[in-house]
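Asker: no sequence on hand, only this structure:
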């Protein structure tokens with residue numbers, strides 16, 4: 001593969017301005033992530049009570065389980081941000097992938113300092129998403145349970161529907177049946193439905209003095225039966241390990257429990273696999289030829305000004321080497337082969353709006369990757385598919401549909417990063433959340449909506465005024481309508497609005513993109529090569 005020759009002038013004023021503004025975006029991201037971890041002023045009392053009970057904070061718990069000097073890829077740190085009166089940082093649960101004895105595991109860990117570990121609607125969504133990741137990547141799950149169960153004031157948003165609380169139990173049972181280990185450490189309350197998380201696990205450890213499991217806690221038992229009983233006598237570690245058999249092991253402290261957990265992990269069917277043993281084409285990796293930090297100066301400070309996707313690729317892939325596919329045709333989409341941490345991938349990235357030729361080019365490239373069993377990486381930055389009479393005459397609807405169908409039917413692993421705008425059907429054609437990429441990450445400059453705020457303002461104001469059927473509309477009323485529509489779209493397309501609702505698996509620093517994709521590809525390489533689909537025949 002040829003090395004990309006960058007055309008970026010890193011000494012220009014434009015580069016410096018872009019970089020400074022992007023560093024401001026990153027400062028905002030890190031401040032908000034730290035707020036989730038630290039808890040803010042309103043959570044300090046809860047944190048103090050947690051520590052006074054001799055308990056360990058949730059991310060420190062994960063650190064005690066995982067191997068020394070290994071990274072933890074946390075999902076959706078900012079889930080629930082701006083929701084629930086900002087009283088549920090991270091939705092009260094930490095999920096991600098950590099390494100235990102050299103093997104990746106999915107972690108689902110309750111944060112009892114957030115509403116006592118009670119599960120909100122976004123907590124359930126985050127929990128279920130982590131289970132989906134485990135299933136698709138054939139990973140075991142470690143549950144660090146410290147939860148008060150469902151948040152009852154919002155029970156109608158948690159309890160009865162398909163992807164509500166019951167859906168997490170359904171998935172847990174099926175994951176275990178597939179041979180993917182489900183291990184639980186009980187570090188606090190497991191009440192009502194929450195009791196089924198450890199009960200459905202393959203092996204359970206309870207920590208004496210703090211771990212409790214019961215379908216109905218002491219207040220419910222008193223109300224139902226008139227029986228007065230202490231929590232430990234009703235569902236403590238001694239009872240469940242020595243009498244009921246719900247728990248398999250009892251530990252006298254958290255640290256002892258994590259030692260036992262690591263011992264169990266070593267005996268499961270989750271085995272360490274060297275990169276060379278995987279089905280993906282792999283060679284020794286090399287770093288990009290250009291510093292990834294230069295991405296800050298490449299991304300335009302004004303999101304209406306495009307930037308060249310090839311320059312982004314040059315700072316993500318091994319050796320900045322890229323074999324471009326059909327480089328002189330359909331140039332608003334860049335396609336080609338490269339390596340990320342040694343793994344061969346096919347990259348599809350946007351240089352703006354998607355024209356008919358670009359859609360056909362992407363479709364053809366997806367077909368090649370499917371036939372050759374090469375994973376796909378989508379770098380999204382598009383306002384969508386081209387509109388207008390010329391485009392309609394050129395078959396944009398059909399050609400765009402071909403691209404969408406190819407993405408939907410590709411059986412190779414697919415990964416998506418939102419590096420800019422993600423608007424309209426372009427989100428679908430570039431493998432947005434609705435098309436189930438294995439992982440979807442977003443940069444803090446990204447935007448996602450049916451259309452950009454400028455376009456929405458023009459379109460919806462025209463529709464609104466047309467609906468008034470000739471009634472006089474003052475300039476003040478028009479200005480108010482415009483401001484309302486613009487405000488709505490700017491708010492709802494904001495990356496923090498999106499990540500709060502788990503429309504992505506987390507906002508990441510662009511510099512971390514290569515590592516996030518590298519880990520994702522390594523996970524795919526661990527299990528059996530996926531069988532090809534019936535074939536994508538679109539070129540003819």
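Answerer: Cool, the structure landed. All of these numbers come straight from a predicted model, not from anything done at the bench.

Asker: could you point out where the stretch 101-250 of the chain is predicted with low confidence?
Answerer: Along the stretch 101-250 of the chain, the model assigns pLDDT under 70 to residues 152.

Asker: where along it do the strands fall?
Answerer: With strands called from DSSP state E, counting those that start in this stretch, the stretch 101-250 of the chain shows them at 103-110, 141-147, 182-191, 203-207, 212-214, 249-251.

Asker: nearest to residue 460, of those?
Answerer: strand 103-110 (40.5 Å; C-beta to C-beta). Yep, even glycine has a C-beta here, placed from its N, CA and C like the rest.

Asker: relative to strand 141-147, how tilted is the closest one?
Answerer: If you take axes from the mean of the first three to the mean of the last three C-alpha atoms, to 10 degrees, strand 103-110 sits at 20 degrees to strand 141-147.

Asker: tell me how far strand 103-110 is from the chain's mean position?
Answerer: The chain centre lies 14 Å from the centre of strand 103-110; the measure is C-alpha atoms, centre = their mean, to the nearest Å.

Asker: export the strands of the stretch 101-250 of the chain to CSV and tack on distance to residue 493?
Answerer: Converted to CSV, the strands of the stretch 101-250 of the chain look like this (distance: least, C-beta to C-beta, whole Å):
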stretch, distance to residue 493
strand 103-110, 30
strand 141-147, 33
strand 182-191, 38
strand 203-207, 44
strand 212-214, 43
strand 249-251, 47
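
Asker: how close does the closest residue to residue 161 other than its chain neighbours get to residue 90?
Answerer: Once flanking residues are discounted, residue 161 sits nearest to residue 167: 7.8 Å by C-beta to C-beta, 6 or more residues apart in numbering. Going from residue 167 to residue 90 by C-beta to C-beta, to the nearest Å gives 20 Å.

Asker: which of the two has more neighbours?
Answerer: Of the pair residue 167 and residue 90, residue 90 is the one with more neighbours under other C-beta atoms under 10 Å, namely 27 against 16.

Asker: now do the contacts for residue 100.
Answerer: 65, 66, 67, 142, 262, 265 (C-beta atoms under 8 Å, 6 or more residues apart in numbering).

Asker: okay, and the beta partners of it?
Answerer: Assessed by DSSP bridges, residue 100 has beta-bridge partners residue 103.

Asker: got the contact list for the nearest residue to residue 133 once chain neighbours are set aside?
Answerer: Computed as C-beta to C-beta, 6+ apart, the closest residue to residue 133 that is not its neighbour in sequence is residue 106, at 6.1 Å. Residues near residue 106 by C-beta under 8 Å, 6+ apart: 95, 96, 97, 130, 131, 133, 134, 139, 140, 141, 142.

Asker: report the separation between residue 106 and residue 66.
Answerer: Residue 106 sits 12 Å away from residue 66, going by C-beta to C-beta.

Asker: next one: stretch 158-177 to chain centre, how far?
Answerer: 19 Å.

Asker: ok, back up a step: which of the contacts of residue 100 tops the neighbour count?
Answerer: The member of the contacts of residue 100 that has the most neighbours, counting by other C-beta under 10 Å, is residue 142 with 25 neighbours.

Asker: contacts for stretch 144-156 next, please.
Answerer: 55, 58, 61-62, 65, 107-112, 115-121, 123, 158-159, 165, 184-194, 197-198.

Asker: got a quick PyMOL command for the buried subset of these?
Answerer: In PyMOL, a selection of the buried entries from the contacts of stretch 144-156 looks like this (16 or more other C-beta atoms under 10 Å):
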select buried, resi 55+58+61+62+65+107+108+109+110+111+112+115+116+117+118+119+120+121+123+158+165+184+185+186+187+188+189+190+191+192+193+194+197+198
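
Asker: now residue 380: which helix or strand?
Answerer: Assigned by DSSP states H and E, residue 380 falls within strand 376-382.

Asker: parallel or antiparallel, which strands does that strand pair with?
Answerer: As assigned by DSSP bridges, strand 376-382 forms pairs with strand 343-350 (parallel), strand 414-423 (parallel).

Asker: wait, which of the ones you listed is closest to residue 399?
Answerer: Ranking the strands paired with strand 376-382 by their distance to residue 399 (criterion: C-beta to C-beta) puts strand 343-350 first, at 15.0 Å.

Asker: now that closest one: how far from the chain's centre is it?
Answerer: Here strand 343-350 is found 19 Å from its chain centre; the criterion is C-alpha atoms, centre = their mean.

Asker: can you tell me what sits against that strand?
Answerer: Under the criterion C-beta under 8 Å, 6+ apart, residues 280-282, 309-310, 312-313, 317, 322, 332-339, 362, 365-366, 368-369, 374-382, 419-420, 426, 430, 517-518, 521-522, 525 lie in contact with strand 343-350.

Asker: among those residues, which are in helices?
Answerer: Using DSSP state H, the subset of the contacts of strand 343-350 located in helices is 309-310, 312-313, 362, 365-366, 368-369, 426, 517-518, 521-522, 525.

Asker: let's see the PyMOL selection covering just the buried ones among the residues you listed.
Answerer: Buried subset of those, written as a PyMOL selection, criterion 16+ other C-beta under 10 Å:
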select buried, resi 309+310+312+313+362+365+366+369+426+517+518+521+522+525
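
Asker: okay, strands next: where are they in the stretch 251-400 of the chain?
Answerer: Going by DSSP E, counting those that start in this stretch, the stretch 251-400 of the chain shows strands at 323-325, 333-340, 343-350, 376-382.

Asker: which strands and helices sit next to the second one?
Answerer: Read it as strand 333-340. If you count contacts as 3 or more C-beta pairs under 8 Å, 6 or more residues apart in numbering; DSSP states H and E, strand 333-340 packs onto helix 309-313, strand 323-325, strand 343-350, helix 356-372, helix 513-526.

Asker: so which of these is nearest residue 73?
Answerer: helix 513-526 (5.8 Å).

Asker: how distant is the closest one from the center of its chain?
Answerer: For helix 513-526 - counting by C-alpha atoms, centre = their mean - the centre lies 14 Å from the chain centre.

Asker: over to stretch 407-417?
Answerer: Offset of stretch 407-417 from its chain centre (C-alpha atoms, centre = their mean): 15 Å.

Asker: residues in contact with that stretch: which ones?
Answerer: By C-beta under 8 Å, 6+ apart, the residues outside stretch 407-417 that reach it are 366, 369-370, 373-380, 428-432, 435-443, 513, 517, 520-521, 524, 530-533, 536.

Asker: what mean pLDDT would you report for the top helix by length along the chain?
Answerer: The longest helix of the chain (DSSP H) is helix 13-38. When pLDDT is averaged along helix 13-38, the result is 96.

Asker: helix or strand right after it?
Answerer: Heading C-terminal from helix 13-38 (DSSP H and E), you reach helix 44-52.

Asker: which residues does that following helix contact?
Answerer: Helix 44-52 is contacted by residues 39, 57, 112, 113, 114, 116 when judged by C-beta under 8 Å, 6+ apart.

Asker: make it 7 Å
Answerer: 39, 112, 113 (C-beta atoms under 7 Å, 6 or more residues apart in numbering).

Asker: these two touch, right, the first one and residue 90?
Answerer: No. Between residue 39 and residue 90 there is no contact under C-beta atoms under 7 Å: 9.7 Å.
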